[in-house]
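Student: A structural model of the following input is requested.
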Amino acid sequence: IVIQGFVEGDVLCAGSNVTINGTVGGDVRAAGSTVTINGTVSGSATVAGSNVIIGKNAIVSGDLTGGSSNLTIDGVIGRDMFAAANIVNLNGKVGRDVSASVSTLTVGSAAKVAGNLVYEGESESTISQGIVAGKVTFTQIKASDRQKEAATFNPIGAALIGVAGFMVACLLFALIVPRYLNHAASQSFKQVTISFLTGFAFLILAPFFAILAIVTMIGAFAGIILLAVWGLAVLLSGVFAAYYAGKLVLQKQATNVLFTAAVGALVVGLVMLIPVVNILAFVFVVFTGAGMQLTQLKNQFSKQPYKL
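Tutor: Residues are numbered from 1 along each chain as shown. Okay, the predicted model is just below:
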């Protein structure tokens with residue numbers, strides 16, 4: 001993914017390699033194997049990848065939040081910088097404070113930090129005098145301590161990883177069958193109610209009839225197929241419901257299938273993190289998403305030029 005020119009609003013994207021060479025009027029949220037920013041970001045940037053590079057001509061006017069194996073900062077960060085990485089190379093300028101959790105921090109002679117530098121790592125970095133205007137605070141963490149931290153379950157981190165995984169799944173499905181997904185989720189409120197009831201009836205009754213068919217032996221094969229369809233409907237229900245949520249949020253701006261899927265997945269994912277509300281949301285997502293699939297299948301077959 002390469003972004004050139006001017007983007008008036010925000011940029012939200014994920015890919016193998018993401019490069020931003022143009023100007024972004026809002027915020028940037030990007031994830032990929034390699035994420036490179038060479039242009040100007042008027043807002044803040046949140047980036048994650050194996051390699052994250054903020055080029056020497058890059059300007060991030062707001063905050064930079066980066067998670068990476070290798071994070072290189074050669075450009076300008078207007079406000080604060082937050083980093084969690086194995087290796088951080090800081091050669092650019094940071095307008096306020098730097099907070100980092102690293103294994104190795106390298107601060108070049110051209111680097112400038114207008115505020116404080118607070119970091120933790122396995123060994124203290126050599127920082128020339130005058131580079132950091134404020135106070136430098138280092139906390140040593142042994143490798144064994146990092147292993148213990150990694151072994152400790154972090155519910156917030158796990159939840160965010162789950163949301164990110166759900167977004168990737170939605171984007172992948174939207175990339176494979178964009179037209180089918182868009183048609184299935186393009187429903188009015190009345191149609192969504194019908195989809196909810198259809199999904200409810202199918203997901204409740206289908207396992208009963210499938211097991212009944214398998215027990216009779218004669219319909220065993222049909223019962224197995226019905227169970228497979230039931231499982232697939234449940235598995236993909238979140239994707240269809242998320243895309244519908246994206247269309248609901250974006251309204252007339254829902255012109256790009258991938259962007260709509262990403263926004264919807266983010267909305268549904270965040271709602272799922274809210275206690276109590278997530279139970280109601282889960283019920284709606286599963287039943288409505290399954291109903292949308294069945295409704296679309298019915299519409300697909302009803303247009304065929306043959307009779308049963």
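
Student: which residues touch Val113?
Tutor: Leu90, Lys93, Val94, Asp97, Val98, Ile131, Val132, Ala133, Gly134 (CB atoms under 8 Å, 6 or more residues apart in numbering). Placement of C-beta: from N, CA and C, glycine included.

Student: out of those, which is most surrounded?
Tutor: When neighbours are counted by other CB atoms under 10 Å, Leu90 leads these with 29 neighbours.

Student: show the backbone phi and psi for that one.
Tutor: Dihedral pair for Leu90: phi -110, psi 110, per degrees, to the nearest 10.

Student: I figured it hits Gly108, correct?
Tutor: Yes. Judged on CB atoms under 8 Å, Leu90 makes contact with Gly108 at a distance of 6.6 Å.

Student: still on that earlier bit, can I get the contacts of Val113 in CSV with pLDDT, distance to Val163 and secondary structure?
Tutor: Formatted as CSV, the entries for the contacts of Val113 read as follows, by pLDDT from 0 to 100; distance: CB to CB, whole Å; DSSP: H, G, I helix; E, B strand; the rest coil:
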residue, pLDDT, distance to Val163, secondary structure
Leu90, 96, 29, strand
Lys93, 96, 32, strand
Val94, 97, 28, strand
Asp97, 96, 27, coil
Val98, 95, 27, strand
Ile131, 95, 37, coil
Val132, 95, 35, strand
Ala133, 94, 37, coil
Gly134, 94, 34, coil
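
Student: reformat these as JSON lines; add distance to Ala210.
Tutor: Formatted as JSON lines, the contacts of Val113 follow (distance: CB to CB, whole Å):
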{"residue": "Leu90", "distance to Ala210": "59"}
{"residue": "Lys93", "distance to Ala210": "63"}
{"residue": "Val94", "distance to Ala210": "60"}
{"residue": "Asp97", "distance to Ala210": "59"}
{"residue": "Val98", "distance to Ala210": "58"}
{"residue": "Ile131", "distance to Ala210": "67"}
{"residue": "Val132", "distance to Ala210": "66"}
{"residue": "Ala133", "distance to Ala210": "69"}
{"residue": "Gly134", "distance to Ala210": "66"}
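
Student: just these now: which is nearest Gly115?
Tutor: Distance to Gly115, by CB to CB, is smallest for Asp97 among these, at 3.8 Å.

Student: the bottom helix or strand of this protein by mean pLDDT?
Tutor: In the chain, no helix or strand scores lower on mean pLDDT, DSSP states H and E than helix 143-151, which sits at a mean of 55.

Student: contacts only, for Val132.
Tutor: Listed by CB under 8 Å, 6+ apart, the contact set of Val132 reads Val113, Asn116, Leu117.

Student: what's across from the first one in the sheet?
Tutor: Right, the one you point to is Val113. Partner residues in beta bridges with Val113: Val94, Val132, with DSSP bridges as the criterion.

Student: read off the pLDDT value for it.
Tutor: Val113 carries a pLDDT score of 96 in this model.

Student: so who does the nearest residue to Ala222 once chain neighbours are set aside touch?
Tutor: Sequence neighbours aside, Ala213 is the residue nearest to Ala222 in space, at 5.4 Å (criterion: CB to CB, 6 or more residues apart in numbering). In this structure, Ala213 makes contact with Gly219, Ala220, Ala222, Gly223, Leu226, judged by CB under 8 Å, 6+ apart.

Student: how about those residues, which pair is most distant?
Tutor: Ala220 and Leu226 (10.6 Å).

Student: those two: who's more crowded?
Tutor: Shown here are Ala220 and Leu226; by other CB under 10 Å, Leu226 has more neighbours (20 against 13).

Student: that one contacts Ala206, doesn't it?
Tutor: Yes. Leu226 sits in contact with Ala206 when judged by CB under 8 Å, with a separation of 5.8 Å.

Student: alpha carbons of stretch 1-19, as PDB, please.
Tutor: Coordinates of the C-alpha atoms in stretch 1-19 are reproduced here as PDB (Å, rounded to 0.1, in the frame of the first residue of the first chain):
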ATOM      1  CA  ILE A   1       0.000   0.000   0.000                       C
ATOM      2  CA  VAL A   2       1.500   3.300  -1.100                       C
ATOM      3  CA  ILE A   3      -0.200   6.600  -0.300                       C
ATOM      4  CA  GLN A   4       0.700   9.600  -2.400                       C
ATOM      5  CA  GLY A   5      -0.700  13.100  -2.700                       C
ATOM      6  CA  PHE A   6      -3.000  14.700  -0.100                       C
ATOM      7  CA  VAL A   7      -5.500  12.900   2.200                       C
ATOM      8  CA  GLU A   8      -7.900  15.300   3.900                       C
ATOM      9  CA  GLY A   9      -9.000  13.000   6.700                       C
ATOM     10  CA  ASP A  10      -7.500  10.000   8.600                       C
ATOM     11  CA  VAL A  11      -5.700   7.100   7.100                       C
ATOM     12  CA  LEU A  12      -6.500   3.600   8.500                       C
ATOM     13  CA  CYS A  13      -4.800   0.800   6.600                       C
ATOM     14  CA  ALA A  14      -3.100  -2.600   7.000                       C
ATOM     15  CA  GLY A  15      -1.000  -4.500   4.500                       C
ATOM     16  CA  SER A  16       2.300  -6.300   4.000                       C
ATOM     17  CA  ASN A  17       4.100  -3.100   3.300                       C
ATOM     18  CA  VAL A  18       2.600   0.300   4.000                       C
ATOM     19  CA  THR A  19       4.300   3.500   2.800                       C
END
